[in-house]
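J.: prediction below, plus the sequence it came from.
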Amino acid sequence: MVNARFSQGLNLLVFGLLLLKTDGLFVEITYVENAVARGAVCLDGSPPAYHWDRGFGSGINSWLVHLEGGGWCNNVTTCLKRKNTRLGSSEKMATRIPFSGILNNRRQYNPDFYNWNRVKVRYCDGSSYTGDVAAVNPATNLHFRGARVWLAVMEELLAKGMRNAENAVLSGCSAGGLASILHCDSFQALLPMGTKVKCISDAGYFINAKDISGVNHIQSYFSQIVATHGSAKNLLPSCTSTLIPALCFFPQYMAPQIQTPLFIINAAYDSWQIRNILAPADADPHGTWESCKSNIKNCLPTQLKAMQAFRSQFLISLLRSGKSSSRGMFIDSCYVHCQTEMQEFWYMTDSPELNKTRIAKAVGDWFFDRIPFQKIDCPYPCNPTCRNQIYDPEHTPQL
């Protein structure tokens, strides 16, 4: 018993040291205090925030701005639930966070961006930085100001040196990955003409698809987000001039209009989309999908068939955005959501690969125009390098 406990303790210590080693450094929070006077605030009225690790050496004039994810709120009730959490208030955010994956400051874990100015913008508006409602209801004190938050943070970064950037990347994960597409062209417009600017969307290519009951749940949900936050005026005009605003929240309809080079990183079986678009709780009242959604290895043949059909829909929607030579694509067949922020997915010896290439290498080659990369994986379960995520249903929030 003692030996077993000692062994377990030793394993935990080794794991902790490995995590500390690969996570790199912890970075302090910065609050954009002057944004409050302009109404550029989180849901609760607190100032926006970000974490910045300064560039060094050859990366001193290069910037990587990464937008945090965290879903959305689609009405007053769900926004009130977020308001007193880190996703609605900078007062609730951790003041120091680890930078790993694409934000890591060590070359062996992040070969192309390790010495850049690396920024993580915290997410506290619930609209992928698109909302702007001037009025504030005193009964709720909810502020729908995501678009103002976006501009306030960008203006502060420009003043702190980003206006001199030689290279710049806008990236993001999940809701932040959607935002990196929505704001890609406006990010480029903020920077000098000579700056090399590209965008990366990680797990942000959410598709408009019906769920297992035949209901278009996600379109209704996105429509409520756009209406609640007053987002329509901040979506791409080239899209909203021909389609209803809710559709322009989906990348498949607005990404074709993006002019700035864009790299899409996504799992064809994105675990968030399987759990919330294909098989949301409302479409599965008896919970027959719970075991499958928690672990893809538990899926029944009929469930895997539905997931294969979803993959086909995803690829059709993705290819609508075009295969311009300026675009990059890493579409693996893993059951995962967000891969750039986690070191084990971004760049480790056993990270997922396509064409014998890890994500960090594919993105770096694409950014620096060394080798183009547009690869789509074969269907599940063909890729042995996948690190499929396992979820605890009791602690995994759903729509």
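T.: Thanks, I have it.
J.: tell me which residue is most central in the protein.
T.: The chain has residue 173 as the residue nearest its centroid, 1.3 Å off, counting by Cα atoms, centre = their mean.
J.: quick check: bridge partners of that one?
T.: residue 202 (DSSP bridges).
J.: so what's it up against?
T.: By Cβ atoms under 8 Å, 6 or more residues apart in numbering, the contact set of residue 173 is 66-69, 202-204, 338, 340-341. In this view, the C-beta of every residue, glycine as well, is placed from N, C-alpha and C.
J.: would you turn those into JSON lines with secondary structure?
T.: Shown next, in JSON lines, are the contacts of residue 173 (DSSP: H, G, I helix; E, B strand; the rest coil):
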{"residue": "66", "secondary structure": "strand"}
{"residue": "67", "secondary structure": "strand"}
{"residue": "68", "secondary structure": "coil"}
{"residue": "69", "secondary structure": "coil"}
{"residue": "202", "secondary structure": "strand"}
{"residue": "203", "secondary structure": "coil"}
{"residue": "204", "secondary structure": "coil"}
{"residue": "338", "secondary structure": "coil"}
{"residue": "340", "secondary structure": "coil"}
{"residue": "341", "secondary structure": "coil"}
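J.: give me the mean pLDDT for stretch 45-60.
T.: Across stretch 45-60, pLDDT averages out at 98.
J.: list the buried ones in it?
T.: Residues of stretch 45-60 classed as buried by neighbour count (16 or more other Cβ atoms under 10 Å): 45-53, 55, 59.
J.: now swap in stretch 286-298 and tell me
T.: 289, 292-294, 296.
J.: among those, which are in helices?
T.: In this view, these that belong to helices under DSSP state H are 292-294.
J.: of all those residues, which comes closest to residue 191?
T.: Residue 191 lies nearest to residue 293 out of these, by Cβ to Cβ, at 40.7 Å.
J.: which residue, other than its chain neighbours, is closest to the closest one?
T.: residue 275 (4.7 Å; Cβ to Cβ, 6 or more residues apart in numbering).
J.: ok, the one you found touching residue 290?
T.: No. Using Cβ atoms under 8 Å, residue 275 is not in contact with residue 290; the gap is 9.6 Å.
J.: what touches both of those two?
T.: Common neighbours of residue 275 and residue 290 (Cβ under 8 Å, 6+ apart) do not exist.
J.: the residue nearest to residue 293 falls within a strand, correct?
T.: No. Read with three-state DSSP, residue 275 is helix and lies in no strand.
J.: flag the shaky bits of the chain, pLDDT-wise.
T.: Residues of the chain meeting the criterion pLDDT under 70: 1-24, 393-399.
J.: now do 90
T.: Applying pLDDT under 90 to the chain flags residues 1-24, 320-325, 391-399.
J.: any idea what residue 30 is bridged to?
T.: Residue 30 has these beta-bridge partners by DSSP bridges: residue 50.
J.: tally of neighbours for it?
T.: For residue 30, the neighbour count with other Cβ atoms under 10 Å is 19.
J.: could you do residue 137 as well?
T.: For residue 137, using other Cβ under 10 Å, the count is 10.
J.: how about it, secondary structure?
T.: Per three-state DSSP, residue 137 ends up coil.
J.: ranges for the helices of the protein?
T.: In the chain, the helices defined using DSSP H lie at 2-23, 76-83, 146-159, 175-182, 184-190, 217-229, 237-240, 251-254, 271-273, 290-294, 301-319, 343-346, 359-367.
J.: which neighbouring elements make contact with the shortest one?
T.: In other words, helix 271-273. Contacting helix 271-273 under the criterion 3 or more Cβ pairs under 8 Å, 6 or more residues apart in numbering; DSSP states H and E is no other helix or strand.
J.: residue 124 against residue 50, yeah?
T.: No. Between residue 124 and residue 50 there is no contact under Cβ under 8 Å: 10.8 Å.
J.: just to revisit the earlier point, closest one to residue 102 among the helices of the chain?
T.: Minimum separation from residue 102 across those (Cβ to Cβ) falls at helix 343-346, 5.9 Å.
J.: name the nearest of the contacts of residue 173 relative to residue 314.
T.: Closest to residue 314 out of those is residue 203 (11.8 Å), distances taken as Cβ to Cβ.
J.: count residues in the vicinity of that closest one, would you?
T.: 27.
J.: please name the nearest non-neighbouring residue to it.
T.: Residue 203's closest residue in space is residue 338 (Cβ to Cβ, 6+ apart), at 4.6 Å.
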